[in-house]
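S.K.: Curious how this folds, go ahead:
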Amino acid sequence: MDFRVTVGQMVRQARSVGLDKERVLRWGVGTCLAAAIGLFSVAARAETIPEALVKAYQSNPQLNAERARQRATDENVPQALAGYRPQIIASLSAGMQAVRNLLPDNSIQTASLKPWTIGVTVTQTLFNGFKTANSVRVAELQVQSGREALRNVGQGVLLDAVTAYTNVLANQALVEAQRANVAFLRETLGITQRRLSAGDVTPTDTAQAEARLSRGLSDLNAAEVNLAVSEATYAQVIGNSPARLSPAEPVDRLLPHSQDEAIALAFKGHPAVVAAGFDVDVASTTIHVAESSLYPTITLQGSASRSGESDLTLGTKRTDQVGVAGQITAPIYDGGTTASQTRQAKELAAQSRLVLDQVRNQSRTAAVGAWVANEGSKIAVSASKSEVRAATVALQGVRREAEGGQRTTVDVLNSQQDLISAKARLIGAQRDRVIASYTLLSAIGGLDVRTLGLNTPDYLPEVHYHQVRDAWHGLRTPSGQ
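M.R.: Coordinates of the predicted model:
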């Protein structure tokens, strides 16, 4: 969707205030030549919105931080699985000890010992009230919820990138329009001053032209400030400063055909809704984890050790021991801690169900709002185009009347200002049209790399998950850090 204002329209406006034919020709040809050079540069070096989205998807700090958070969440699963595995502890102790023994015959026996002990203990939990199984289930559900949260952040980053891209594009067009307007007003002021010298107009006409030029310069400054701010936002979201950008188009081909379809897709596929569903499962399973403390625990322990010079009777020089023992512990009363934790988990599960209902309502509201905004943006663009056409016709009429002496210079300037304002509203409506279409796609959960067909590999969080899920040891992450 092209936001640029045509130069031909500005040339026609220049004629409306009395510029001579030769001056109009020189001004129009020069402006058209500059525009042609600019358009050639756009064709040669312009960045497209899919390219900008790829950069944001690959390098946005917020999205990369969320990916790191998800990789950390993946580690909850091997931590929970550790409950199935044996715990092995090695021990070593050494020291010095003085011994003085009083024997039955009242004699005294003394010695200086250097006792030492080395051993290994292996403990295997056989039953802990299904705590390990439920903890693994909780960790896996947290991973699923985290993936949806990551997808939701990805949607937000891509939508921010679209907004930043279209804001820069629109503000660039507004700056171009205001610069052309200022150039036109300067020419108008020059012609008016010459006509004043010839006695064709009054000093009032010159003052009005000067005032309108000052307003044009103020509008140009405001447009340049907005452009600078939007360029800074673009660099923050996408990762580089914008240069020349290609026109952006809405993604109507990917959108639902009705409001009811949009709501259904949001209920089914929006990552916030799906993540809230997993959170309900997490909270429900956490109840069983808390209840596991009410069950007995069965463990099997094997140990082997060797000790030397540790017999204080001085009758043994070294001792070797090997043993296997089973242990059953059953809770009788823990002061009410487990009961309280269970009640707490049940309340949290009830809260998570209410949150799910809330998120569903929010997704429905967002889908309806996005649908209405997208449909409204179409009407706004159509209305703005009609306004520009009508303002153009009005300017032409005022120009002809001014040539016949029925209109003053200020009438022409006012009509031109109306046209410039209409074009600014059209630029804003076209920007809003693009953003609204992407917002609707985000509201139904479809704003992602695969749906948009972006030329970049999709980040797959399950790759890291499978790399660490069954890892029994190792301190280095799969990325080598």
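
S.K.: Domain boundaries for this protein, per the record?
M.R.: 7-85+131-295+351-468, 86-127+296-330 (automatic domain parsing).

S.K.: TSV please, covering the ones you listed and showing distance to residue 338 and mean pLDDT.
M.R.: Every C-beta, even on glycine, is put in place using the N, C-alpha and C of the backbone. Below are the domains of the chain laid out as TSV (distance: least, Cβ to Cβ, whole Å; pLDDT from 0 to 100):
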stretch	distance to residue 338	mean pLDDT
domain 7-85+131-295+351-468	4	87
domain 86-127+296-330	13	90
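
S.K.: the helices in this structure, which residues?
M.R.: 7-16, 21-45, 49-59, 61-74, 76-81, 131-198, 203-238, 259-269, 271-291, 337-403, 409-443, 449-452, 461-468 (DSSP state H).

S.K.: contacting residues for the one residue sitting closest to the centre of the chain?
M.R.: In the chain, the centroid-proximal residue (Cα atoms, centre = their mean) is residue 157; its distance is 2.9 Å. Counting by Cβ atoms under 8 Å, 6 or more residues apart in numbering, residue 157 makes contact with 56, 57, 60, 62, 63, 237.

S.K.: thought residue 244 was touching residue 46?
M.R.: Yes. Here residue 244 lies in contact with residue 46, judged by Cβ atoms under 8 Å, at a distance of 4.7 Å.

S.K.: and the gap between the nearest residue to residue 111 once chain neighbours are set aside and residue 114?
M.R.: Residue nearest to residue 111 in three dimensions, not counting chain neighbours: residue 99, with 4.8 Å by Cβ to Cβ, 6 or more residues apart in numbering. Separation of residue 99 from residue 114 (Cβ to Cβ, to the nearest Å): 11 Å.

S.K.: try residue 394
M.R.: Counting by Cβ to Cβ, the gap from residue 394 to residue 114 is 108 Å.

S.K.: So which of these two has more stuff around it?
M.R.: residue 394 (16 against 11; other Cβ atoms under 10 Å).

S.K.: May I ask you to confirm that the more buried one is in contact with residue 418?
M.R.: Yes. In terms of Cβ under 8 Å, residue 394 counts as a neighbour of residue 418; the distance is 6.9 Å.

S.K.: Check the gap between residue 78 and residue 282 for me.
M.R.: With distances taken as Cβ to Cβ, residue 78 is found 18 Å from residue 282.

S.K.: mind putting the helices of the chain in JSON lines, distance to residue 91 included?
M.R.: Shown next, in JSON lines, are those (distance: least, Cβ to Cβ, whole Å):
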{"stretch": "helix 7-16", "distance to residue 91": "86"}
{"stretch": "helix 21-45", "distance to residue 91": "69"}
{"stretch": "helix 49-59", "distance to residue 91": "50"}
{"stretch": "helix 61-74", "distance to residue 91": "32"}
{"stretch": "helix 76-81", "distance to residue 91": "24"}
{"stretch": "helix 131-198", "distance to residue 91": "25"}
{"stretch": "helix 203-238", "distance to residue 91": "55"}
{"stretch": "helix 259-269", "distance to residue 91": "55"}
{"stretch": "helix 271-291", "distance to residue 91": "31"}
{"stretch": "helix 337-403", "distance to residue 91": "31"}
{"stretch": "helix 409-443", "distance to residue 91": "57"}
{"stretch": "helix 449-452", "distance to residue 91": "53"}
{"stretch": "helix 461-468", "distance to residue 91": "29"}
